[in-house]
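Asks: Pasting the sequence and the predicted coordinates here, then a few questions.
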Number of protein chains: 2
Amino acid sequence: MIRHLVLFKLNEGVSRDEPRVAEGDAAFRALGDTIPELTFWQCDWNITDRDIAYDYAIVSDVADADALQRYLTHPDHQAAAAKWREFATWVIADLES
Amino acid sequence: MIRHLVLFKLNEGVSRDEPRVAEGDAAFRALGDTIPELTFWQCDWNITDRDIAYDYAIVSDVADADALQRYLTHPDHQAAAAKWREFATWVIADLES
């Protein structure tokens, strides 16, 4: 299994309650039900106010590297990521177990 | 429940196989058995080679904000974080569910 982690940082001046940000959030939340490769899916806003805190995170599980690739290239994922690219940056880590 | 996520980036020129890095990894791995607040604990190296990939990650669960604070201030966690501070930086996100 691969656990695919993503932490997002909103660009300077971008706020969580902007419509485009809410749309990006909604687009990610829908992926857990639409992409069959995802065996676990969690995405949400960070709740802790710290200098090193990012704003939003995804925790997702897939079976293996092939499933991860199919998830990353799935049109719904690509569309959601394109929304986020307009107002945020992100970093990832993939853990194998 | 709070899911506490941490993604670590090794400083420029630091390698995973340096003894101090292996010690930092071992110090984190031990925390899951020594800190009672942790109801789930996973830490490991990233396996994916991407520009946006960080090097190491922790996925941990605690009951609530008080438990998170007890974990963060636990001497074993503080000692492990002090090791990592010598050779890495990190970002976090806390998700509530």
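Replies: Thanks, I have the structure now. Numbering: from 1, shown residues only, chains lettered A, B, ... in the order given.
Asks: who touches the nearest residue to residue A:7 once chain neighbours are set aside in this structure?
Replies: Leaving aside its chain neighbours, residue A:7 sits nearest to residue A:54 (4.0 Å; criterion: CB to CB, 6 or more residues apart in numbering or on different chains). C-beta coordinates here come from the backbone N, C-alpha and C atoms, glycine included. By CB atoms under 8 Å, 6 or more residues apart in numbering or on different chains, the contact list for residue A:54 reads A:7, A:8, A:9, A:46, A:90, A:91, B:91, B:92, B:93.
Asks: cool, and residue A:64?
Replies: Counted by CB under 8 Å, 6+ apart, residue A:64 has contacts A:1, A:2.
Asks: Tell me the spacing between it and residue B:42.
Replies: 17 Å (CB to CB, to the nearest Å).
Asks: quick check, residue A:6 in a strand?
Replies: Yes: per DSSP: H, G, I helix; E, B strand; the rest coil, residue A:6 lies within a strand segment.
Asks: now the strands for chain A?
Replies: Taking DSSP state E as the test, the strands found in chain A are A:2-10, A:40-45, A:56-62, A:88-96.
Asks: Show residues contacting the third one.
Replies: Contacting residues not belonging to strand A:56-62 are listed as A:1-8, A:10, A:25, A:28, A:32, A:37-46, A:68, A:71, A:88, B:3, B:5, B:59, B:93, B:95 [CB under 8 Å, 6+ apart].
Asks: With just CA atoms, put it into PDB.
Replies: Coordinates of each C-alpha in strand A:56-62 appear next as PDB, following Å, rounded to 0.1, in the frame of the first residue of the first chain:
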ATOM      1  CA  TYR A  56      -4.900  22.100   3.800                       C
ATOM      2  CA  ALA A  57      -4.000  18.400   3.600                       C
ATOM      3  CA  ILE A  58      -4.900  15.200   1.900                       C
ATOM      4  CA  VAL A  59      -4.300  11.700   3.300                       C
ATOM      5  CA  SER A  60      -5.000   9.000   0.700                       C
ATOM      6  CA  ASP A  61      -4.200   5.300   0.200                       C
ATOM      7  CA  VAL A  62      -3.800   3.400  -3.000                       C
END
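Asks: Next, the buried residues of it.
Replies: Neighbour counts over strand A:56-62 (16 or more other CB atoms under 10 Å in any protein chain shown) mark A:56, A:57, A:58, A:59, A:60, A:61, A:62 as buried.
Asks: what's the answer for the last one, then?
Replies: By neighbour count, with 16+ other CB under 10 Å as the criterion, the buried positions of strand A:88-96 are A:88, A:90, A:91, A:92, A:93, A:94, A:95.
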